[in-house]
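# sequence-free structure coming up:
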């Protein structure tokens, strides 16, 4: 703030061609306590003096011979680039006051000069001027600080990217190699060897988890995680979470009980499962052997509350808020005895807050704890994304699920019918953009025989056994599995299902990875599954190999020498024989939704190195190698 001493010590210049006026103003200002008052009777000297001394205030007479006050102000404007002229004009002409203000002056003093008016206007003018100077200075400091913070953020992002790639890739290789050794791929191990490999594998998993947690919490708290919201069932969330825990629960002798619930929430299903698995894992670890962990679900009009209750030691009152902070644990020995680094609950808190929800704990020391979180059941209305109708032909169960999801995604016209005959009537009576068709391709055959409907894209979902070869070879047809991924369905609609023809069957898998150690581990894992493998260590090699013999599946790293993964996909999109090849993007990077879109060819899935298990990798390779899709997208919540 500006003090009285700042105002009295301000630098003032008096400009008037009459010496008597100059002396009068100097005495008035000196008598009021101003200590730095200079003067001149030469208007030509004002700009040079101001350029040298940068006055806080200039008292300027307007009517002067040769060069008047208006001309002086024009000169001052060239000096004050911020357009703030610290000028208080002195005039006896009423008409000059408005003109002076329009020219840039900040106030005026009327002649004949009165002491009270001079003191009041000078004080006010200086206070405003000094505040402006202070604000400008602080603004520059703020801008510099912001730039420094941005630089630090860029350095941190670079560090996280390096950690992501340089640690995740070798750790994935180490875990894979240990898994092969444990399975006997390198020969039988002695009992001691089995124990040593098991210890190494457990610690590799522990280190991978720590790295992933650190990267997760950073991305969540900086808002760089793109949540993939959809309408998902609570039942599927509970099922996926509990299916992730059987071996872990059995190891600790704990039973997990979950209710049957038929309700929907608007959420990123993978992230909510992550939260629930974390809470369940903690509950299992801190429960006595033979105990029970209970999942509860409380339904409300606009939200659903999940509750995880254990019968463990409880959380002391003093720790119930801090345990949701980074690296916080109730007891320091917990990290050694129970595992973990104290990041799990902080990650849970960030995920739930990004869902607009809340999380907390209820506990009685010595009698267990209940960790709970709440998420919304619906999404606020969004702007319509498609004017023409989406025609959905499916049975009652599928119609209800699809209609809700498509409506929540912003598509404003969804027409649902139970069979092909009803759909045929709708096609004749309205403007349909896309047809979603369950199982039977009879309607598709009828549409292709009718010229008016021959160019309408169709999304078929169901068993490939009931879909005709003609349907699968149709260039405007996308085939999706029976338990269709909601995110995949929405990507198909938003892309206006611009699909190519189904690629001819191929059997081998093309592994594209520049880390030769990891490449060898992945190849051995697939050999043991009876899968033929081709390998490439650069983007150029990958393109040449695919052109020579299109693979059934390409496993693709993003950070490749010569031509990266984005360039590989972009090139293959331009080759009719390659543009529908399924892809498993297997990378150490945490990709944004935009980056994922750039990596899609045919059916495309994404795995993050060190986060995914060897079993996840093998399962997705087998699955993608067998899917007869024209094109797809990453998996999301399932109906």
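Nice, thanks for sending it over. Note that the coordinates shown come from a computational prediction; the quantities given were computed from them, not determined experimentally. Numbering: from 1, shown residues only.
# make it CA atoms for all contacts and neighbour counts henceforth
Noted.
# which residue ranges form the strands in the stretch 351-500 of the chain?
For the stretch 351-500 of the chain, applying DSSP state E, counting those that start in this stretch gives strands covering 358-363, 369-376, 389-393, 414-417, 432-438, 458-461, 477-480.
# residue ranges with poor pLDDT in the stretch 1-150 of the chain?
For the stretch 1-150 of the chain, the stretches with pLDDT under 70 are 1, 82-83.
# Quick one: the helices in it, in order.
Remark: helices assigned in the stretch 1-150 of the chain by DSSP state H, counting those that start in this stretch are 4-8, 19-31, 46-53, 69-79, 94-103, 115-182.
# Redo the ones you listed as CSV? Include distance to residue 555 and mean neighbour count.
As requested, those are exported to CSV (distance: least, CA to CA, whole Å; neighbours: other CA atoms under 10 Å):
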stretch, distance to residue 555, mean neighbour count
helix 4-8, 69, 15
helix 19-31, 82, 15
helix 46-53, 67, 15
helix 69-79, 63, 17
helix 94-103, 69, 14
helix 115-182, 14, 16
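# so can I have a markdown table of those showing distance to residue 568?
What follows is those, written out as a markdown table (distance: least, CA to CA, whole Å):
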| stretch | distance to residue 568 |
| --- | --- |
| helix 4-8 | 65 |
| helix 19-31 | 77 |
| helix 46-53 | 60 |
| helix 69-79 | 56 |
| helix 94-103 | 62 |
| helix 115-182 | 19 |
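# Nearest to residue 60, out of those?
helix 69-79 (6.4 Å; CA to CA).
# Does anything pack onto that closest one? Which helices or strands?
helix 46-53, helix 94-103 (3 or more CA pairs under 8 Å, 6 or more residues apart in numbering; DSSP states H and E).
# May I ask which helix or strand of this structure has the lowest mean pLDDT?
For the chain, the helix or strand with the lowest mean confidence is helix 334-337, at a mean of 46 (criterion: mean pLDDT, DSSP states H and E).
# who wins for proximity to residue 173 among the helices and strands packed on helix 69-79?
Closest among those, once you apply CA to CA, is helix 46-53, at 67.3 Å.
# quick one: contacts of that closest one?
15, 40, 72, 75-76, 79 (CA atoms under 8 Å, 6 or more residues apart in numbering).
# now, the most widely separated pair of those?
40 and 79 (18.6 Å).
# Ok, which of the helices of the stretch 1-150 of the chain comes nearest residue 607?
Residue 607 sits nearest to helix 115-182 of all these, at 11.6 Å, using CA to CA.
# I'd like to know which elements that closest one is packed against.
Against helix 115-182 (3+ CA pairs under 8 Å, 6+ apart) you get helix 4-8, helix 19-31, strand 57-61, strand 107-110, helix 191-221, helix 516-527.
# ok, so what distance separates residue 278 from residue 611?
The gap separating residue 278 from residue 611 is 14 Å, by CA to CA, to the nearest Å.
# Could you export the helices and strands packed on helix 115-182 as JSON lines, including distance to residue 181?
Below are the helices and strands packed on helix 115-182 laid out as JSON lines (distance: least, CA to CA, whole Å):
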{"stretch": "helix 4-8", "distance to residue 181": "77"}
{"stretch": "helix 19-31", "distance to residue 181": "91"}
{"stretch": "strand 57-61", "distance to residue 181": "83"}
{"stretch": "strand 107-110", "distance to residue 181": "86"}
{"stretch": "helix 191-221", "distance to residue 181": "8"}
{"stretch": "helix 516-527", "distance to residue 181": "11"}
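# Quick check: which of the ones you listed is buried the most?
Compared across the helices and strands packed on helix 115-182, strand 57-61 shows the largest average neighbour count, a mean of 25 (mean count of other CA atoms under 10 Å).
# Mind giving me the packing neighbours of it?
strand 11-15, strand 87-91, helix 115-182.
# Tabulate the ones you listed in a markdown table, adding columns for distance to residue 320.
Converted to a markdown table, the helices and strands packed on strand 57-61 look like this (distance: least, CA to CA, whole Å):
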| stretch | distance to residue 320 |
| --- | --- |
| strand 11-15 | 58 |
| strand 87-91 | 61 |
| helix 115-182 | 30 |
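# which one of the ones you listed lies closest to residue 203?
In terms of CA to CA, the element of the helices and strands packed on strand 57-61 nearest to residue 203 is helix 115-182, at 9.6 Å.
# looking at the strands of the stretch 351-500 of the chain, which is buried most?
Ranked by mean neighbour count under mean count of other CA under 10 Å, the strands of the stretch 351-500 of the chain are led by strand 477-480, which reaches a mean of 26.
# what mean pLDDT would you report for that one?
Average pLDDT, strand 477-480: 58.
# Next: stretch 588-606.
Mean per-residue pLDDT for stretch 588-606: 87.
# for that stretch, the distance to its chain's centre please.
Stretch 588-606 has its C-alpha centroid displaced from the chain centroid by 14 Å (CA atoms, centre = their mean, to the nearest Å).
# Give the partner strands of whichever strand or helix holds residue 293 in its sheet and their orientations.
Using DSSP states H and E, the element containing residue 293 is strand 292-299. In the sheet, strand 292-299 lines up against strand 255-257 (parallel), strand 303-309 (antiparallel) (DSSP bridges).
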